[in-house]
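S.K.: Sequence and predicted structure are below.
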Amino acid sequence: MPPIHGYDEVFTTMPTKDVDKRIEGLADLAGGLYGGDFLLTWNHSLENIRAVLLVAEALEDMYRAGLSTRVFEGGLAVSNFRDKSTRTRFSFASAASLLGLTPADLDETKSQVSHGETVRETANMISFLTETIGIRDDLYIHEGHEYMRAVADAVTEGFRQGVLAQRPAVINLQCDRDHPTQTLADLLHLKHTFGSLEALRGKRLAMTWAYSPSYGKPLSVPQGIITLMARFGMDVVLAHPPGYDLLPEPLALAQRFADETGGSFTHTDSMEEAFRGADIVYPKSWAPLSVMERRTELLRAGRSGELDALEHECLARNARYRDWECNADMMSRSRDGRALYMHCLPADITGVSCAAGEVTADVFEHYRLTTYRQAGYKPFVIAALILLTRCEHCEKTLAAISSRATRRVL
Amino acid sequence: MPPIHGYDEVFTTMPTKDVDKRIEGLADLAGGLYGGDFLLTWNHSLENIRAVLLVAEALEDMYRAGLSTRVFEGGLAVSNFRDKSTRTRFSFASAASLLGLTPADLDETKSQVSHGETVRETANMISFLTETIGIRDDLYIHEGHEYMRAVADAVTEGFRQGVLAQRPAVINLQCDRDHPTQTLADLLHLKHTFGSLEALRGKRLAMTWAYSPSYGKPLSVPQGIITLMARFGMDVVLAHPPGYDLLPEPLALAQRFADETGGSFTHTDSMEEAFRGADIVYPKSWAPLSVMERRTELLRAGRSGELDALEHECLARNARYRDWECNADMMSRSRDGRALYMHCLPADITGVSCAAGEVTADVFEHYRLTTYRQAGYKPFVIAALILLTRCEHCEKTLAAISSRATRRVL
Amino acid sequence: MPPIHGYDEVFTTMPTKDVDKRIEGLADLAGGLYGGDFLLTWNHSLENIRAVLLVAEALEDMYRAGLSTRVFEGGLAVSNFRDKSTRTRFSFASAASLLGLTPADLDETKSQVSHGETVRETANMISFLTETIGIRDDLYIHEGHEYMRAVADAVTEGFRQGVLAQRPAVINLQCDRDHPTQTLADLLHLKHTFGSLEALRGKRLAMTWAYSPSYGKPLSVPQGIITLMARFGMDVVLAHPPGYDLLPEPLALAQRFADETGGSFTHTDSMEEAFRGADIVYPKSWAPLSVMERRTELLRAGRSGELDALEHECLARNARYRDWECNADMMSRSRDGRALYMHCLPADITGVSCAAGEVTADVFEHYRLTTYRQAGYKPFVIAALILLTRCEHCEKTLAAISSRATRRVL
């Protein structure tokens, strides 16, 4: 396969070491996130999003330069994973450690949550010395985001009434609607691959469904990608087989953002069409919305027998689209055959993790390290979200870190 | 409902910010807990208990003023929860983080404890760099406290023989007898609600059983409340239906303390009688002692079939007392209908967490934020217990924190 | 029983407090471990091993003198326990806390590891801000070490390609071949018991099998002990019943090391013979190699029914050697009846943790505290491995800690 766009030499386009410039750029942007949460990228201004990227870059610069970026002298960073997680779990713990917070996981099986404790009560009980609460809740469509908002409302009330000495920021680590820590890391990866946010204008990104022998994968990544990337003037193409619809709201937002920024948003049912001339491809499986809705119903009702039937039906439906695979032939349709392949990992790799999956082994291997690099932005994105929500003058905090210049290893 | 005593404006009676005065007050009190454990409040002098409150208040003052209260540069705070926990678990982790310790949970299912390791061996194995061991062991009546003493004896031996470089303090996070971190937080809540410890003299506190559709709830909270509050000259009333007895020792101690302090201790089988004229009500379910004893026997013998039968029998017995509910009518019997409602949470709320429970939704909602505030003292109480058991001159430690004046957020 | 060699007064032979001398001694030794891993002691030079001991001693000296030994301002210490653990788990967390790292446990049941994620991917995903990865993988013979090497190769690739900003050191917390953090702690214990490494020359150490009513115990401790102790000129005797063979490689290495250092390596099938004249005895059960191989096969194939049959067969075989017990009579055969008894714990103690086991209650009780002390070196050994693999000039790091002289408790 031909060399990858922006990776003729692997990872030479690393973040510039110009921390001061980033801090300067931040002066006009920071402050908008202070005291709040980060749940859906589309509810945040472009200024806020640019601020997240700048802070994440500044933190990574300073980390790679061997500086301590400790900001907190104690306090908890609580995580609540209501679904399995490796990279987000470790990214969250890493971000906490990077800033001086103590990670604490709320394992609902070990708590009294199941014993009639209400969400707003639990939210306050875990927050007396807590700076941030990261939540993954992606199993139930139409519910994950609502849960996060309930937690956010509860800590707002607790803080206003003096119960909490500080209001922890709720950070969405993946819900039914969006996966902002993933898509912001993805955006940072694109910025560094293509050189700047401005360079993304007019680039064609294909967010396409791909075949997987599993079912029930969340819709949050494709929804998050089409909405976020459309805000940077990209030509976003969404492709999936009939029936694999996303939620209506992100579809409408992607269109609106594209209209506003002079980009475009196209919707097709052909993977080949989406890949044609693409600069970036993001082939990834997800479940049909209707299946997620029935699944949520059955899970809530504890009707596990019917869950098996639903899974069988869904896998059979998936199997009709086994040709939605990212292989060398498909890649050759991309611009100069050199599109950047992206994935949130783990990918279903044909012949490696399953008999037939989202991507062939040769294509994945060609891009494997770039997908690792893509994932590597996530700890810094999470740390940036913590910092921007919890520090009022983030540019001053970063300047203080930089001028203090404490080494992170003695 | 009428406004709550001491909460005409919610949480205006916050701790005064006079840290220096608290430290000064501590000079005569501190030292008595150094090098030891904290298992049962009734084994500690009033000086020790006053010291705990002062240190907890000083820590909360400094925390709310934005100061770092880090005392340790590393070291473990080990927790061992042999029963489920949310608020105590997070309170313990928060206290550890507040002081600079690393929380480490001993999950017995992941350890070799089940493989014939003795208690005294495990106690030493987890203690080489440990400053405190917090234990919850409330499932087995007549056993939890004994387990904690065995751990305490083991680390005493290990320390004396040079195996351990320091002796970790064992802190009771709820046993079969007492729940000191809860009741000390409760006492702090009362102090701040009524203005001072002296103001508690002559106040009528009703510790009463309440109906719950669950069974097997520990006896430690009512036992801990009647013994601790009787030491401050309060008129303590204990109420429960026939058969829901507590252990004899705390009953006798409550009487003795009441006699010594000029308060009173009354025992009744009428909830209405207990609520009459009460300044404070604490309606909470617990299991009959005889049921806890049979349950412990069956659990130890692995006779799970009989456990179900016991549960059925016990729930049927509970159901005879469904009218033991804290509702508006019951509250109206309290002094001016304005008693402070307390609960250790989570409460069984009628129509919210169960069909019929300990408290009606309207009463609970009226007091909900005060119960959150009540819970909010716990992290600082635990931190105070760690500090007083591990630092010989706690007043100097606090003075050093105060004069150092490091911000907890950069 | 007569007083224990080197313990006439218990633990008077503690590490000397001469930190400066240790740091000086380190100047010629350190550096060899920097940037690498620690998987098998026999792949490391004697210089490296001496450096580990010196750093562990310096850290324990400074810890016992009340100094903070914090080296890192944040960063993760990831553990991955693929088998149960108490003391190694807490030793690892303690070492992390001692150095300023945040412990983070990779619980594979909560991660996506089971969902087709490859080892090299997971290794990178958990490493973006990670200084060390400690792994226990001892369930599968011929596999544990391979797994650790795969992780090590993956982080090497990730670091070289710029995916990782630093290369975490992989530390073997027990595999199918070796258990270096145990055997290095054991060596330190011997050094302090007998006064010096030089004093170990010519000492007779009996590493013998002992009866246990359980099966499937790893071979790593006996393999690790015979290879490591043979490098210090000891007379190492390995004893086990027919069929309880170890892997061929460590057997060959033990012989080679003995030849090189002027010690000896003897192999016998008599416990009595091994104990005769021994200065040190290490009686401990392990599974026959052939059983471990069949067990690994069955576990991999999910043939759990046959596992039960294998267990029955193996326990029946064990039962033929119930007289391989370390009792007073056996101990009396050792030199002056005063050999040092060692165990990695937990021991199967006759009448305490099982009806019949590796050691009688009276022998174990006589040595119990010395086995605790033996275990107490492990946190410092792990910390030394982290420091030597992650800090290029460890002697300078230790000197900086010493001259900084920050108290670890305020």
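M.R.: That came through fine.
S.K.: contacts, neighbours, all on C-alpha from now
M.R.: Fine.
S.K.: distance of the closest residue to chain B within the stretch 251-400 of chain A from residue A:410?
M.R.: Residue nearest to chain B within the stretch 251-400 of chain A: residue A:397 (6.5 Å; CA to the nearest CA). Remark: distance between residue A:397 and residue A:410 (CA to CA, to the nearest Å) = 22 Å.
S.K.: Who has more neighbours out of these two?
M.R.: The neighbour comparison of residue A:397 against residue A:410 (other CA atoms under 10 Å in any protein chain shown) goes to residue A:397, with 18 against 14.
S.K.: and the gap between residue A:372 and residue C:337?
M.R.: For residue A:372 relative to residue C:337 (CA to CA), the value is 60 Å.
S.K.: ok, now residue A:232?
M.R.: Residue A:232 is 81 Å from residue C:337, where distance means CA to CA.
S.K.: Might you enumerate the residues of the stretch 51-200 of chain A proximal to chain C?
M.R.: Contact residues (CA under 8 Å from any CA of the partner chain) of the stretch 51-200 of chain A with chain C: A:64, A:68, A:70, A:84-87, A:90-91, A:93-94, A:97-100, A:102.
S.K.: wait, which of those residues is closest to residue C:324?
M.R.: Set against residue C:324, the nearest of those by CA to CA is residue A:86 (45.3 Å).
S.K.: burial of the closest one, as a residue count?
M.R.: Neighbour tally, residue A:86, other CA under 10 Å: 20.
S.K.: For residue A:233, see how far away it is.
M.R.: To residue A:233, residue A:86 is 32 Å away according to CA to CA.
S.K.: again with residue A:243
M.R.: Taken as CA to CA, the span from residue A:243 to residue A:233 is 28 Å.
S.K.: Same check on residue A:276?
M.R.: For residue A:276, the distance to residue A:233 - CA to CA - is 18 Å.
S.K.: Repeat that for residue A:242.
M.R.: Distance from residue A:242 to residue A:233, counting by CA to CA: 27 Å.
S.K.: of these two, who's got more company?
M.R.: A side-by-side neighbour count of residue A:242 and residue A:233, using other CA under 10 Å, places residue A:233 first with 24 against 10.
S.K.: Within range of chain B, give me the residues from the stretch 251-400 of chain A.
M.R.: So the stretch 251-400 of chain A meets chain B at A:397, A:400 (CA under 8 Å from any CA).
S.K.: what number of residues lie near the residue of the stretch 251-400 of chain A found nearest chain C?
M.R.: Closest residue of the stretch 251-400 of chain A to chain C, CA to the nearest CA: residue A:353 (4.6 Å). Using other CA under 10 Å as the criterion, residue A:353 is surrounded by 17 other residues.
S.K.: Next: residue A:32.
M.R.: By the criterion of other CA under 10 Å, residue A:32 has 16 neighbours.
S.K.: Let me know the pLDDT of it.
M.R.: Predicted confidence (pLDDT) at residue A:32: the value is 93.
S.K.: cool, and residue A:401?
M.R.: At residue A:401, the model reports a pLDDT of 96.
S.K.: So for residue A:345, what's the nearest residue that isn't a sequence neighbour?
M.R.: Nearest residue to residue A:345, sequence neighbours excluded (CA to CA, 6 or more residues apart in numbering or on different chains): residue A:371, at 7.6 Å.
S.K.: List the residues that contact the one you found.
M.R.: Taking CA atoms under 8 Å, 6 or more residues apart in numbering or on different chains as the criterion, residue A:371 is in contact with A:341-345.
S.K.: That one: which element?
M.R.: Using DSSP states H and E, residue A:371 sits in helix A:361-376.
S.K.: how many other residues sit next to residue A:64?
M.R.: Close neighbours of residue A:64, defined as other CA under 10 Å, add up to 16.
S.K.: Enumerate every residue touching it.
M.R.: Residues near residue A:64 by CA under 8 Å, 6+ apart: residue C:165.
S.K.: Give the bridge partners for residue A:135, please.
M.R.: Beta-bridge partners of residue A:135, counted by DSSP bridges, are residue A:80, residue A:172.
S.K.: Hmm, it is touching residue A:77, no?
M.R.: No. Using CA atoms under 8 Å, residue A:135 makes no contact with residue A:77, being 10.9 Å away.
S.K.: mind listing the strands in the stretch 1-150 of chain A by residue range?
M.R.: All strands of the stretch 1-150 of chain A, identified by DSSP state E, counting those that start in this stretch, fall at A:76-81, A:102-105, A:130-136.
S.K.: Can you say which of the ones you listed is nearest to residue B:160?
M.R.: Comparing those against residue B:160 with CA to CA, the closest turns out to be strand A:102-105 (32.1 Å).
S.K.: how far out from the middle of the chain is that closest one?
M.R.: Computed by CA atoms, centre = their mean, to the nearest Å, the chain-centroid distance of strand A:102-105 equals 20 Å.
S.K.: got the residues of the stretch 51-200 of chain A near chain B?
M.R.: Residues of the stretch 51-200 of chain A lying close to chain B by CA under 8 Å from any CA are A:71-76, A:101-102, A:104, A:110-113, A:115-118, A:121-122, A:124-126, A:128-130, A:158, A:161-165.
S.K.: what's the farthest-apart pair in the contacts of residue A:371?
M.R.: That would be A:341 and A:345, which, of the contacts of residue A:371, are the farthest apart (CA to CA) at 11.8 Å.
S.K.: pLDDT below threshold where in chain A?
M.R.: A:3-17, A:111-116 (pLDDT under 70).
S.K.: Just give me the longest helix of it.
M.R.: Secondary structure of chain A per DSSP state H: the longest helix is helix A:46-64.
S.K.: ranges for the helices of the stretch 1-150 of chain A?
M.R.: A:19-26, A:46-64, A:87-99, A:119-125, A:144-160 (DSSP state H, counting those that start in this stretch).
S.K.: okay, the third one in PDB with CA atoms only?
M.R.: Yep, that's helix A:87-99 we're talking about. The C-alpha trace of helix A:87-99 is given here as PDB (Å, rounded to 0.1, in the frame of the first residue of the first chain):
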ATOM      1  CA  ARG A  87      -8.600   2.700  26.800                       C
ATOM      2  CA  THR A  88     -11.100   5.200  28.200                       C
ATOM      3  CA  ARG A  89     -10.700   3.700  31.700                       C
ATOM      4  CA  PHE A  90      -6.900   4.100  31.500                       C
ATOM      5  CA  SER A  91      -7.100   7.500  29.800                       C
ATOM      6  CA  PHE A  92      -9.300   8.800  32.600                       C
ATOM      7  CA  ALA A  93      -7.000   7.400  35.300                       C
ATOM      8  CA  SER A  94      -4.000   8.800  33.400                       C
ATOM      9  CA  ALA A  95      -5.600  12.200  33.200                       C
ATOM     10  CA  ALA A  96      -6.300  12.200  36.900                       C
ATOM     11  CA  SER A  97      -2.800  11.200  37.800                       C
ATOM     12  CA  LEU A  98      -1.400  13.800  35.400                       C
ATOM     13  CA  LEU A  99      -3.200  16.500  37.200                       C
END
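S.K.: List the contacts of residue A:304.
M.R.: residue A:298.
S.K.: For it, give its distance to residue C:389.
M.R.: 50 Å.
S.K.: just residue A:205 next, same as before
M.R.: Following CA to CA, the distance that separates residue A:205 from residue C:389 is 43 Å.
S.K.: returning to what we had before: looking at residue A:341 and residue A:345, which has the bigger crowd around it?
M.R.: It is residue A:341, of residue A:341 and residue A:345, that has more neighbours when counted by other CA under 10 Å, with 23 against 18.
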